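In: Give me a model of this one.
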Amino acid sequence: MASKHWANSLRPHKLPLRRRLARASVALIYRQADDGGVELLFIQRARREGDPWSGDMAFPGGRMQPEDATPRATAERETLEETGVDLVRHGRFQARLSDLVTRQHSRWRPMVVTPYVYEWRGPQSVLLNHEVEQTVWVPLNYLAARENQSRLPWRTPFGTLKMPCCRYQGYCIWGLSYSMLQELLAWDRSHNAVTTSKQE
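Out: Numbers count the residues shown, from 1 in each chain. Below is the predicted model of the structure:
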């Protein structure tokens, strides 16, 4: 069992001005693999001209709409629309992670992104929409292993930065998705949630 210090340090951070900014949500979805391990679901974004994240690896999700009752409902709706994965019927909600700030597509205005963690207990089939090129299930142990961490050169107006990332079979997980992944791994180490779910 994790110490009280760890549990306190992993409480999700909620940005105080989040309700005044554009909002988006994503779903971090894990499942038990055939070999007894745990896999995490990623999408590869469709390649589209003018999209700064075209072809990137990400978690399913998107912008909050007026009809969404909560940011969590946004994550569930967007996941269903993008992948056909129905979290309301077959997902088991686990946790809310910390808010992150990014910019809106084609704009420089800030947007708050909130990640939600789910365990998937439904069918393996997916139904992708035009925003998603493919889905990829990646072993959680692979994502957590230190030897699989790398650096991605990222050009900015101020020079080239070496961004932390994880490479898997030709895919590269970096940016906001990498930050969310690190908090998920820390959350699991603290709560043993993924390990416990495998034993149920």
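In: Break down the chain into its helices, ranges please.
Out: 4-9, 71-83, 87-90, 140-144, 175-191, 193-199 (DSSP state H).
In: looking at these, which is closest to residue 130?
Out: Residue 130 lies closest, by C-beta to C-beta, to one member of the helices of the chain: helix 71-83, at 9.3 Å. Every residue, glycine included, has its C-beta placed from N, CA and C.
In: Now do the closest one: distance to the chain's middle.
Out: With C-alpha atoms, centre = their mean, to the nearest Å as the basis, helix 71-83 stands 12 Å off its chain's centre.
In: I am assuming residue 61 contacts residue 26, so please confirm or correct that.
Out: Yes: look at residue 61 against residue 26 with C-beta atoms under 8 Å: they come within range, at 3.0 Å.
In: Give the intersection of the neighbour lists for those two.
Out: Residues touching both residue 61 and residue 26 by C-beta atoms under 8 Å, 6 or more residues apart in numbering: 75, 78, 113, 115.
In: Return the residues in contact with the residue nearest to the last one when sequence neighbours are not counted.
Out: To tie it back to what came earlier, the one meant is residue 115. Distances taken as C-beta to C-beta, 6 or more residues apart in numbering place residue 97 nearest to residue 115, at 4.1 Å, with adjacent residues excluded. Taking C-beta under 8 Å, 6+ apart, we find residue 97 in contact with 12, 28, 114-117, 180, 183-184, 187.
In: Check residue 59 too.
Out: Neighbour list for residue 59: 26-29, 41-43, 115, 177, 180 [criterion: C-beta under 8 Å, 6+ apart].
In: same check, this time on residue 89
Out: residue 122.
In: Would you check how far apart it and residue 158 are?
Out: 47 Å (C-beta to C-beta, to the nearest Å).
In: Residue 44 too?
Out: 28 Å.
In: In contact with residue 135, which residues?
Out: 41-44, 83, 126, 128.
In: Which one (most neighbours) among those?
Out: Greatest neighbour count in the contacts of residue 135, by other C-beta atoms under 10 Å, goes to residue 43: 25 neighbours.
In: Just confirm that one contacts residue 126, I think it does.
Out: No: checked against C-beta under 8 Å, the pair residue 43 and residue 126 is beyond contact range at 9.3 Å.
In: okay, and the common contacts of the two?
Out: By C-beta under 8 Å, 6+ apart, the residues touching both residue 43 and residue 126 are 83, 135.
In: pLDDT below threshold where in this protein?
Out: In the predicted model, the chain carries pLDDT under 70 at residues 1-12, 15-20, 50-53, 104-108, 193-200.
In: what about 80?
Out: Counting by pLDDT under 80, the chain shows low-confidence ranges at 1-21, 48-54, 103-109, 191-200.
In: And the strands in it?
Out: 22-32, 38-45, 57-58, 61-63, 91-96, 100-103, 110-120, 132-139, 149-156, 159-168, 171-174 (DSSP state E).
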